[in-house]
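>>> take a look and give me a structure for this.
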Amino acid sequence: MELKFIRIIAKQEWNSIFRSKIPLALYTVLLIVSLLAAFTGWQYVGKFNQQQAAAREEVHEHWMKQPERHPHRVAHYGYLVFREKSPLSFFDFGLDSYVGNSVFLEAHRQNTVNMSEAGFSNGMLRFGELSMAMVLQVLVPLFIIFIGFHTVSGLKQNGVLKILLCQKASYLEILLGKTIGLTAVTWVLFLPLQLIGLLVGTALLSDTVNSESFIRVGLIVLLYGLYFLIVTILVVAVSAMSRSAKTSLMVLVLLWILLFIVVPKSAQTLGNSIFEAPDKIAFEHAIEMDVSKEGDSHNPDDPHFSQLKSSTLKKYGVDSIQALPVNYGALVMQEGENISSRIFNNHYDKLIGIYKSQNSVSSYLSFTDPYLAIRNISMSLSGTDFDTFTEFQKQTEKYRFEKTKNLNEIHLTQIKYKNDGNQKVSAKNWQQQKEFSFQSLSLTDNLRNGMINLAALLIWVLAGFMVLNFISSKRKYQL
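Down below sits the predicted model:
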């Protein structure tokens, strides 16, 4: 294999693309759309996070202004927590518009995250949102198709392919040169734009920019570079196997429809069919049934709480709950909280397991569709994937449980059992409690969760070059 021939063919492909006005016109359109997507995405995420911060401050202020009251009333007063969008969500919206942004925390009840943008939309959200990721994932492949569909098939039609083969250039060298030339054009036109957009957007939306932020940006650009390479290989391979440029274009457009519309929609439907998840009503009913089986704190004859009473009296060496040095009512409430929280977490983990199984269908199908691979890993690195959302739900439930437990502890030690409901404690007891702060998944966790999709991209690259080698070895494709 002569690298000289590959460089010459790649340079010729580069020059031919930039000599034509059509590729530049297409790029101008995509450039305008990309800049618009970046600007609107940055503006939207910045405004959204400001609104979330203002709402969080208002909720905290109401919480701090509560007067002296019974701690159990404070527990039922509740607390609203909010999820801000990650800095990179301006680049890839992912699931952010569908999974909700806030959750109301209260004693004895686990609420799910709600108030998503999709719930307030007029239906246009079903057609997708304009983001930089969408442009790079869906529209740039169309750009590659339109500038490269004739790259080899056109040589067949005008007879140039035979001339090149007679000049000691192998068919593989021609295919590699065409691939490198098309890839170089795509990388030069889109990757610097993506890199600058990510760096500027992250800097503007982040309070602090650390090394992990730069690593995330670098990985995103690198993986999109691999993605463009895969699409280019597919375009060159189809063009090489087509007898005419017209046939090549037709096949590539059909392939684009299959890979970017049919397979992604089918993956979602297939996952939901194979791993069926309960609806919200069934989910909550199952929790209520298990809680009632475990123990009813409102039933004086309930075996579980009868045992709690006996063990508590024995522990403190007294013969009645009135003689206890602590408030027995608070013990009952906390035990009920322990039961409901444990059962909810068990059911929630099972539900998340079902959803992850559904999503795994899309991940495994990424070995047949590179779009699925880049879409999934892009969401993960941008902090807009399903795992980030479930982590938020888990952290809010942990915070709710600890907050309720602290209030029950105040009830236990500062409220007398006799005449319980008429007593109050100082507001300082709940004013000193920590605010909720969501800790997003680390880069290591994101990469671990996206390992299948990363592997799929690498295998696509390897398989693509193997396909080009296979095509070059078949003499019927050389003429």
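>>> only C-alpha atoms from now on, for both contacts and neighbour counts.
Will do.
>>> helix, strand or coil for Leu80?
Reduced to three states with DSSP: H, G, I helix; E, B strand; the rest coil, the structure at Leu80 is strand.
>>> how deep is it tucked in, by neighbour count?
17 (other CA atoms under 10 Å).
>>> name the SS class of the closest residue to it other than its chain neighbours, please.
Among residues not flanking Leu80 along the chain, Phe104 sits closest, at 4.5 Å (CA to CA, 6 or more residues apart in numbering). Going by three-state DSSP, the secondary structure assigned to Phe104 is strand.
>>> I'd say Phe104 and Phe82 touch.
No. Using CA atoms under 8 Å, Phe104 and Phe82 do not qualify as a contacting pair, with a distance of 9.0 Å.
>>> who's more crowded, those two?
Here Phe104 and Phe82 are compared on neighbour count by other CA under 10 Å; more neighbours surround Phe82, at 22 against 17.
>>> pLDDT wise, what is the more buried one at?
In the prediction, the pLDDT value recorded for Phe82 is 88.
>>> one more: the one 4 residues further on?
Note on Ser86: pLDDT of 90.
>>> enumerate every residue touching it.
Counting by CA atoms under 8 Å, 6 or more residues apart in numbering, Ser86 makes contact with 382-384.
>>> could you rerun that using 10 Å?
Shown in contact with Ser86 (CA atoms under 10 Å, 6 or more residues apart in numbering): 45, 49, 92-93, 96, 202, 205-206, 382-384, 388, 440.
>>> what does Leu105 give?
Taking CA under 10 Å, 6+ apart as the definition of contact, the neighbours of Leu105 are 75-81, 111-112, 396-397, 399-401, 403-404.
>>> kindly report the same for Phe143.
Counting by CA under 10 Å, 6+ apart, Phe143 touches 23, 26-27, 30, 136, 186.
>>> now compare the residues you listed and name the two farthest from each other.
Between all members of those, the longest pairwise span (CA to CA) is found for Pro23 and Leu136 and amounts to 16.0 Å.
>>> who has more neighbours, those two?
A side-by-side neighbour count of Pro23 and Leu136, using other CA under 10 Å, places Leu136 first with 21 against 17.
>>> okay but that one is in contact with Phe228, surely?
Yes. The pair formed by Leu136 and Phe228 meets the contact definition of CA atoms under 10 Å, at 8.8 Å.
>>> joint contacts of the two?
Residues touching both Leu136 and Phe228 (CA under 10 Å, 6+ apart) are 190-191.
>>> what about Val291, neighbour count?
Using other CA under 10 Å, Val291 has 18 other residues around it.
>>> typed the wrong thing, it's Val253
Considering only other CA under 10 Å, Val253 is surrounded by 15 other residues.
>>> do the one 4 residues further on as well
Look at Ile257: counted by other CA under 10 Å, it has 12 neighbours.
>>> show me what the helix or strand where it lies is packed up against.
Taking DSSP states H and E as the criterion, the element that holds Ile257 is helix 245-257. Using 3 or more CA pairs under 10 Å, 6 or more residues apart in numbering; DSSP states H and E as the contact criterion, the secondary-structure elements in contact with helix 245-257 are helix 140-148, helix 153-158, helix 211-241.
>>> quick one: buried residues of that helix?
Taking 16 or more other CA atoms under 10 Å as the basis for neighbour counts, the residues of helix 245-257 that come out buried are 245, 247-249, 251-252, 255-256.
>>> that helix to helix 140-148, inter-axis angle?
With axes from the mean of the first three to the mean of the last three CA atoms, to 10 degrees defining the directions, helix 245-257 sits at 170 degrees from helix 140-148.
>>> could you give the mean pLDDT of helix 245-257?
The model assigns helix 245-257 a mean pLDDT of 95.
>>> contact partners of that helix?
Helix 245-257 is contacted from outside by 138, 141-142, 145-146, 148-157, 231, 234-242, 258-259, 261-263, 371, using CA under 10 Å, 6+ apart.
>>> how about Ile144, what does it touch?
In this structure, Ile144 makes contact with 23, 182-183, 185-186, 228-229, 231-232, 234-236, judged by CA under 10 Å, 6+ apart.
>>> ok, and the closest non-adjacent residue to Ile8?
Gly177 (7.5 Å).
>>> pretty sure that neighbour contacts Ile233?
No. Gly177 sits out of contact with Ile233 when judged by CA under 10 Å, with a separation of 11.0 Å.
>>> what about Arg243, helix or strand, and which?
For Arg243, no secondary-structure element claims it when assigned by DSSP H and E, so it is in no helix or strand.
>>> can you get me a residue count around it?
For Arg243, the neighbour count with other CA under 10 Å is 18.
>>> and it, how far from Asn158?
Computed as CA to CA, to the nearest Å, the Arg243 to Asn158 distance reads 11 Å.
>>> same check, this time on Tyr348
With the distance defined as CA to CA, Tyr348 ends up 63 Å from Asn158.
>>> those two: who's more crowded?
Between Tyr348 and Asn158, Tyr348 has the larger neighbour count (other CA under 10 Å), namely 18 against 10.
>>> tell me who's in contact with the more buried one.
Tyr348 makes contact with 283-284, 287, 342, 354, 390, 393-394 under the criterion CA under 10 Å, 6+ apart.
>>> any stretches of the stretch 51-200 of the chain with poor pLDDT?
Counting by pLDDT under 70, the stretch 51-200 of the chain contains low-confidence residues at 114-128.
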